[in-house]
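> what follows is a predicted protein model with its sequence.
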Amino acid sequence: GGNAGGTSDGPKALDELVVGFSQVGAESGWRTANTTDIQAAFKDAGIELKFSDAQQKQENQIKAIRSYIQQQVDIIAFSPVVESGWDAVLNEAKAAGIPVVLTDRAVDSADDSLYVSFLGSDFVEEGKKAGDWVVEEYSGSDDDVKIAQLEGTTGAAPAIDRAEGFADVIGADDKFEIVASQTGDFTRAGGKQVTEALLKSNPDIDLIYAHNDDMGLGAIEAIEAAGLTPGEDIKIVTVDAVKDGMQALADGKINFIVECSPLLGAQLVDIVKQINDGETPEKRIITEETTFTQEQAVEALPDRQY
Amino acid sequence: MSTIAPERAPRPDAPFVPRPAARRSVLDRVRDAFTSPKSGPVLVTAILFVAVFAIGGARYPAFLSGQVFLNLFVDNAYLIVLAVGMTFVILTGGIDLSVGAVVALSGMIAASLLQSGWSPGVVIPLILVITSVLGLLVGLMIHIFEVQPFIATLAAMFLARGLCYVISQNSISITEPTFVAFAVTRIPLGGGLSITPSVVIVLVVIAIAVWVLHYTRFGRTVYAIGGGEHSGMLMGLPVARTKVIVYVISGFCSGLAGVLFTFYTLSGYPLSAIGTELDAIAAVVIGGTLLTGGFGFVLGSVLGVLVLGIIQTIITFEGTLSSWWTRIFIGGLLLVFIILQKVLTSRRR
Amino acid sequence: MLDTAQARPPAPAAHPEPIVEMTDVSISFPGVKALDRVSFRMFPGEVHSLMGENGAGKSTIIKALTGVYGIDEGTIALNGSPVSFAGPAHAQDAGIATVYQEVNLLPNLSVAENIMLGREPRRFGSIHWKAMRARAAELLTQLRLDIDPGSLLGSHSLAVQQLIAIARAIDVDARVLVLDEPTSSLDADEVAELFRVIRTLKEDGVAILFVSHFLDQIYEITDRLTVLRNGQLVGEYLTEELLRIDLVQKMIGKELATLDDLEKRVKQTANEEDDAAVPAFVVATGLGKRGTIDPVDVTIGEGEVVGLAGLLGSGRTELARLLGGIDRADSGADVRIGGKPVRLRTPRQAISKRIAYSSENRREEGIIGDLTVRDNIILALQADRGWFRPIPKKRQEELTRSYIETLNVRPANPDALVRNLSGGNQQKVLLARWLAIAPRLLILDEPTRGIDIGAKAEIQKLVYSLAENGMSVVFISAEIEEVLRLSHRIAVMRDRHLVADIENDGLTVDELLALIADGSAVDEPDIPTVRTDDDAVAVTASHASPSQRGDGA
Amino acid sequence: MLVVLVIVNVIAFPGFLSITVKDGHLFGSVIDILRNGAPTLIIAIGMTLVIATRGIDLSVGAVCAISGAVACSIILGSSTPGSIATVATAVAVAVVIALVLGVWNGFLVSVIGIQPIIATLVLMTAGRGIAMLITEGQILTVNSPPFKALGSGFALGVPVAVLIAAVIFAIAALLTRRTALGMLIEAVGINPEASRQAGVRARGLLFAVYTFCALCAAIAGLILTANQTAADANNTGLFIELDAILAVVIGGTSLAGGRYSLVGTLVGALVIQTLVTTVYTVGISPIVTMVFKAAVVTIVCLLQSPATTAAFGRWRRRLTPRVGAGVATS
Ligand SMILES: Nc1ncnc2c1ncn2[C@@H]1O[C@H](COP(=O)(O)OP(=O)(O)OP(=O)(O)O)[C@@H](O)[C@H]1O
Ligand SMILES: Nc1ncnc2c1ncn2[C@@H]1O[C@H](COP(=O)(O)OP(=O)(O)OP(=O)(O)O)[C@@H](O)[C@H]1O
Ligand SMILES: [Mg+2]
Ligand SMILES: [Mg+2]
């Protein structure tokens, strides 16, 4: 690479360091929390962060990365809109000698020398955790459990993985049946509309598994509108643990939430520092994420900042 | 502002409708060029583009480099091709909303077929055929059943998007050597500048489009339809055929754009290129083409794309904008741009 | 009562076989039987004319022949072999070139293209623009039309466009040339040029269909007539064998007498009017617009009819547009109506001052095609009242009814879409719209374009009685006799400025023609005017202000 | 045109109904369709008038988001989120802001003379940004019964949203058809120059329709927000402009401007919402949903198309002579 960014010549002072960060977009509360946390973390660390919002478009993200290469930033971090198709641009970064860190979502590129480190969650794992709880919850009885699934945006990685992980676990026992699975586009409105319809077509649903809190919250509205009590007549399991979700969990309207933490800022800063000091951070750093039952929610709620 | 000196002395030979050329000063001709519905918007757009580029250069280091300019083509290759196809459609007074979804579809087809070991030599032509046929169907729907282009192409958009999911919900990455080669190859232009093969393809497409629109009967008929479909029909022009073919062209361009897009991203993804149809339309209109049809140039549309591209670039160079300010900023720049364009092209009354 | 039984006149000796033969053709539209078993034939080397009132079915026959409309029954034969064209393109290939009623050209393309489109000269598979322009220029000069082939069609006046349409048609070496009211807005000179061309084509054995409402033109150029009434065939005649009186009688099914004395009455009133001293109503000083009209002083008396005479492109329309507030005058802001200064910057302002301008270009600037006859008639009135004060339904009905009757609009259906009316009837609707606002100054630009003689007389009568009741009228018509017949005063324009203004007493066609043709008057500062009384100062070409003159040259 | 639409309606609806009947939930689903369809319908009404003037308004989605965001942030800000007064002010402010935005669109289109699609594209892009600016990208959840009622409440057994839609429909219908507004709008849409010469003030009309459209969008936005008791700057009204335009066009109003039909728009909006609900109730897999949509839209259009009706007519006509012939031969 002719115009190599300055990583080779020893550690820089943090205030000289420039990091380019390309975010997926601002499509959800989760995402915004993620963005703000990262921006805050870099501010505190006194590292300049160039931020760009790809508005859920891979092409925009590629453009952004290209322009970071143009601007010769020291490190590039980005959360891929989609897993595939990064080899070309990452190769350019490599050629320019700019190390790349992935956050939140992985890329499926065969050559893993293209990025230094991945920092994020394991969506399949999240699905599994949800599944485990369901299996646990119904271990007592043998009668069938009718499950409705509120999928995320069709084709989005978290949606696919969370469905997969969940299916893996509950697939083991054939008393569990997913009677309906519709996409709610990760939105409350979607979750509500779908649930409304589902309640008409399958009134005897026992449990709803929503790929994120928002859809779960939408489902609650629909269930209450239908004169049922969410959490009892129909149990609800969701992923994310954003504040509203935790609130509902604490109120007993949701039964179980698998956390998917957006607070990656601190960890990302550490990785950047490591790289700057010439160390090689771990290839794959999975953010430690818990799960919440209703009781845990009540305790956790007060100091929940997003 | 110069005025036209009233020509008093009667010229016995000349009939009563004097040639305007004879009574125009240079200044007037320049003004006409800018205010004429034909060339005006394009010229102004070009000038404004240069201005924006200069301002960007003044504001950000490393902006005013040749590569930044070339990257506008590299990064927007597919969009330019889309805009070219869209120009044909809009010139006839139609519109094509399906292009974005078709781009995604071509990507999915390419990725899935390549994955299952087809050769690019087959895949690419196949894609172009499929998308052209889709365009043909849309065209026929519009012509035979007199369905409004908006709905017909919207239906096509749903269809294409749907087929993407049917093919696969997951994104499929492409490792096929030829495609990878297209993606990574750089054609050096000296001085550290370089472009991708896609850019070359784009330039060829532009050249062909310009030729077709301005030097073929078909091309002129496209303008004719925009000027007045009924009149064109009464003048004995092949209105029906042309109208259908225009959508075939748009379909073909979408397919080609899809291929270029795949070169660009090396993957197929059902959700890719959402809303790209709007970018294409915006580019065409910014480029001075009237949505009602009849007026406009391919080169204008290309400029339109470059304008959108440079707005994007400025944003990333700015680098401090939050997600929402990004959107507001884009809207603002767009606004400033079109207002300037309007002011500069408006006729003095 | 229709004498269809009557034996057809013999075929011409030269070409005994008809080239076009339409037999028992019927076409009906929802609600209208536009053609009812009509037969019609054309012979090579003959000029044939379709005659009939507005809405008789002339254009429909033409559209049936050229495949624009499919026919419900009957047969069409070309050279004896039955044909049915899918569309105009098809008909063109078969050697039928057509100029349809109304100009059907493309305003967004150059004149050259409008003439050559579809037959462009090509080189190496791509259009040879130079050759194309050259060829176009040739054709234009053939019609003595000196305009830049590269200029946009839209920038030209309707008359210019009509000639361009003709140029397009004569360029195809067709065996059948169809011209549907090609002369409706041409004046004597252009008509003469057109006829010259038609005669040469006739020599070459081309069969020509020429539709016009001008009897003089019909009798000058045609050999054979087919007369229609209400979509039914009246008969086919040889022109020289049919007296005008009989022709009119056959067209309108009435005795000409009625019309005759009507025109006499108009003439009488005309002469009476002249003696009365007319109070000035509209006074505009230095009214002008850069590049179109040099500043002029215009005065129009109350109840006075001022005719604007001039050749094609002489600026009549543009002066009229300035008066009507359609175009904004950049000089001569000082316009007074009844002594009070008014601003005429938008049509709206003009209308609020009861000034109405009826455009020469009814399709582009006049009718609203997809609205009903009723809505079109009340539009201006309603717009003036404002949207929140709708005209009561009952009032709408009587308005519409009364105008449909007085102007004899066919079909007499207030709910018909204007788009579907025949050309002449559309013009009547447009006229009705302006009469509906009870204007004090009515500016009529080619109001009788494409209107049949019966209706034309009606309209003239109407205009006249309105003038008698104090309405001022500015009257533009390509038909010079009409101008002479109607106007008290005649202002002559040439090359976009006023050259003369004459009191019309006993002015003859030739005198006026002479004045129009020679512009020598221009150079003289003051224009010869016969008028004496002061309160209606004559129209004079005022000296342009320095700002108008100085630069630019 | 309308006749055709009614036919389509009759053809389309029994189909949808029978589906829901099969699931045994005719009543419930129909109500859902009406309630969830209300926002789209409301916007489509405004859009109809805009389109009648040869215009188009892409910014409605953004306006939805803004009005929702404004309302929610006000309610959240107030000490008494539950009180009617708070909600009233919130709604009022949101509406006023929307009016301003509408005037803005009208200004760009009628005064500056920018092509509508681009003029409104500006607000479409920037608008979401503004909405997110207000919510700072967060989803603002409000807990305010009266506000919630806007979206999911019932009055006289009918969903409030439906009532609002009905009122707006009535207002639009009366305003344009009882006065001359409709005729003037159509005139401008069909032949602007002729209208100008006839003294129609296009400028005022354009301001009016774009403002009204924004107003509709704001109200729709409030309903959407209330329905999920939360302002989601990103997703509220996302792509709703497409649905609205589609409703208008299915309703038989031409994007080329001119003649418009509010009833048609009503039908169009219902068709779309029914389609969506059907997908959910019947449980069509998300994977093929789009394809299904495409199919339905296409069929609806083809049914409306003149060619089809003509063919239908020919078929009918052919029947009658054949009968005649039969009689003759026997
Ligand atoms: N597309 C149409 N739909 C319905 N009615 C039509 C249509 N075209 C023509 N008509 C009707 O057919 C009749 C004949 O029209 P046509 O244009 O042939 O009259 P015309 O003889 O050309 O009259 P003019 O001298 O005014 O041109 C008219 O009554 C007209 O209203
Ligand atoms: N040199 C020219 N080049 C192009 N168009 C011209 C020229 N001269 C005149 N015209 C046309 O003629 C018009 C000016 O004359 P105007 O339209 O008033 O003609 P007119 O006197 O009404 O006669 P007519 O209407 O029969 O053409 C302009 O609108 C323009 O379109
Ligand atoms: Mg006619
Ligand atoms: Mg004229």
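Alright, I've got the coordinates. Ligands and ions are numbered 1, 2, ... in the order given.

> burial measure for residue 244, as a count.
Went with chain A since none was named. Applying other C-beta atoms under 10 Å in any protein chain shown, we find 21 other residues in the vicinity of residue A:244. For the C-beta atoms, the positions are set from N, CA and C on the backbone; glycine is no exception.

> wait, chain B was what I had in mind.
Each residue near residue B:244 was counted by other C-beta under 10 Å, and the total is 21.

> over to the one 4 residues further on?
Residue B:248 has 21 neighbours, counted by other C-beta under 10 Å.

> now do the one 4 residues further on
Residue neighbour count, defined by other C-beta under 10 Å, stands at 24 for residue B:252.

> list the contacts for the residue nearest to residue D:153 when sequence neighbours are not counted?
With sequence-adjacent residues excluded and distances taken as C-beta to C-beta, 6 or more residues apart in numbering or on different chains, residue D:153 is closest to residue D:160, at 4.5 Å. The neighbourhood of residue D:160, defined by C-beta atoms under 8 Å, 6 or more residues apart in numbering or on different chains, consists of D:149, D:150, D:151, D:152, D:153, D:154.

> what residues does chain D put near chain C?
Contacts of chain D with chain C, taken as C-beta under 8 Å from any C-beta of the partner chain, map to D:178-181, D:183-184, D:186-187, D:190-191, D:193-201, D:205, D:258-259.

> show me which of these are buried.
For these, a neighbour count by 16 or more other C-beta atoms under 10 Å in any protein chain shown gives the buried set as D:179-181, D:183-184, D:186-187, D:190-191, D:194-201, D:205, D:258-259.

> mind checking which of these are in helices?
In this view, those that belong to helices under DSSP state H are D:181, D:183, D:184, D:186, D:187, D:190, D:194, D:195, D:196, D:197, D:205.

> what is the subsequent helix or strand relative to the helix or strand containing residue D:34?
In the assignment (DSSP states H and E), residue D:34 maps to helix D:26-52. Moving toward the C-terminus from helix D:26-52, the first helix or strand encountered (DSSP H and E) is helix D:60-77.

> compute the inter-axis angle for that following helix and helix D:26-52.
Between the direction of helix D:60-77 and that of helix D:26-52, the angle (axes from the mean of the first three to the mean of the last three C-alpha atoms, to 10 degrees) works out to 120 degrees.

> next one: the helix or strand residue B:157 falls within to chain centre, how far?
Secondary-structure assignment from DSSP H and E places residue B:157 in helix B:149-167. Chain-centre distance of helix B:149-167: 20 Å, with C-alpha atoms, centre = their mean, to the nearest Å.

> does the next helix or strand after that helix reach chain A?
Past helix B:149-167, further along toward the C-terminus, the next helix or strand under DSSP H and E is strand B:172-173. Yes: remark: strand B:172-173 sits within contact range of chain A at B:172, B:173, by C-beta under 8 Å from any C-beta.

> repeat for stretch D:130-144
Yes: using C-beta under 8 Å from any C-beta, we find that stretch D:130-144 touches chain A at D:132, D:136, D:137, D:138, D:139, D:141.

> which one among these gets closest to chain B?
The shortest gap between chain B and any of the residues of stretch D:130-144 next to chain A belongs to residue D:132, at 3.7 Å (C-beta to the nearest C-beta).

> so who does that closest one touch?
A:26, B:323, B:324, B:327, D:65, D:69, D:233, D:234.

> again, only this time at 10 Å
In this structure, residue D:132 makes contact with A:26, A:32, B:322-328, D:65-66, D:69, D:138, D:232-234, judged by C-beta atoms under 10 Å, 6 or more residues apart in numbering or on different chains.

> please tell me how far the residue in the stretch 201-349 of chain B that ligand 4 sits nearest to sits from ligand 1.
Among the residues of the stretch 201-349 of chain B, residue B:231 lies closest to ligand 4, at 20.3 Å counting by C-beta to the ion. Here the distance between residue B:231 and ligand 1 works out to 16 Å (C-beta to the nearest ligand atom, to the nearest Å).

> and that residue, what pLDDT?
What the model reports for residue B:231 is a pLDDT of 93.

> within the helices and strands, which one has it?
Per DSSP H and E: residue B:231 is located in helix B:229-234.

> quick revisit: let me know the angle separating the helix holding residue D:34 from helix D:181-190.
Relative orientation of helix D:26-52 versus helix D:181-190 (the same axes, to 10 degrees): 60 degrees.

> what's the angle from helix D:26-52 to helix B:149-167?
Here helix D:26-52 runs at 130 degrees with respect to helix B:149-167, directions being taken by the same axes, to 10 degrees.

> the residue in the stretch 151-300 of chain D that chain A sits nearest to in helix, strand or coil?
Scanning the stretch 151-300 of chain D for proximity to chain A using C-beta to the nearest C-beta identifies residue D:280 as nearest, at 3.2 Å. Reduced to three states with DSSP: H, G, I helix; E, B strand; the rest coil, the structure at residue D:280 is helix.

> tell me the spacing between residue A:174 and residue A:144.
For residue A:174, the distance to residue A:144 equals 9 Å [C-beta to C-beta, to the nearest Å].

> these two: which has the busier surroundings?
Summary of the neighbour comparison: residue A:174 and residue A:144, criterion other C-beta under 10 Å, with residue A:144 having more neighbours (14 against 8).

> check what pLDDT whatever residue of the stretch 201-350 of chain C ends up closest to ligand 4 gets.
Nearest to ligand 4 in the stretch 201-350 of chain C, going by C-beta to the ion, is residue C:317, at a distance of 3.1 Å. Reported pLDDT at residue C:317 in the predicted model: 90.

> so where do the helices sit in chain A?
Counting by DSSP H, residue ranges of the helices within chain A are A:29-45, A:58-70, A:87-95, A:123-137, A:157-171, A:188-201, A:213-225, A:243-250, A:265-276, A:294-300.

> ranges for the helices of the stretch 151-300 of chain C?
Applying DSSP state H, counting those that start in this stretch to the stretch 151-300 of chain C gives helices spanning C:158-171, C:188-203, C:215-221, C:244-252, C:256-275.

> for those, which has the smallest mean pLDDT value?
Among those, helix C:256-275 scores lowest, at a mean of 53.

> what count of nearby residues applies to residue B:192?
For residue B:192, using other C-beta under 10 Å, the count is 11.

> could you see whether chain B lies near stretch A:44-55?
Yes: contact of stretch A:44-55 with chain B is found when judged by C-beta under 10 Å from any C-beta of the partner chain, involving A:48, A:49, A:50, A:51, A:52, A:53, A:54, A:55.

> low-confidence regions, the stretch 1-150 of chain D specifically.
D:1-29 (pLDDT under 70).

> cutoff 80 now
For the stretch 1-150 of chain D, the stretches flagged by pLDDT under 80 are D:1-31.

> pick out the residue of it closest to chain B.
Sorted by distance to chain B under C-beta to the nearest C-beta, the residues of the stretch 1-150 of chain D start with residue D:126, at 2.6 Å.

> OK, contacts around that residue?
By C-beta under 10 Å, 6+ apart, residue D:126 lies in contact with B:324, B:327-335, D:59, D:62, D:133.

> what residue ranges in the stretch 201-330 of chain D score low on pLDDT?
The stretch 201-330 of chain D contains residues with pLDDT under 80 at D:277-279, D:281-284, D:303-330.

> could you do chain A as well?
Applying pLDDT under 80 to the predicted model, the residue ranges of chain A that meet it are A:1-10, A:200-201, A:303-306.
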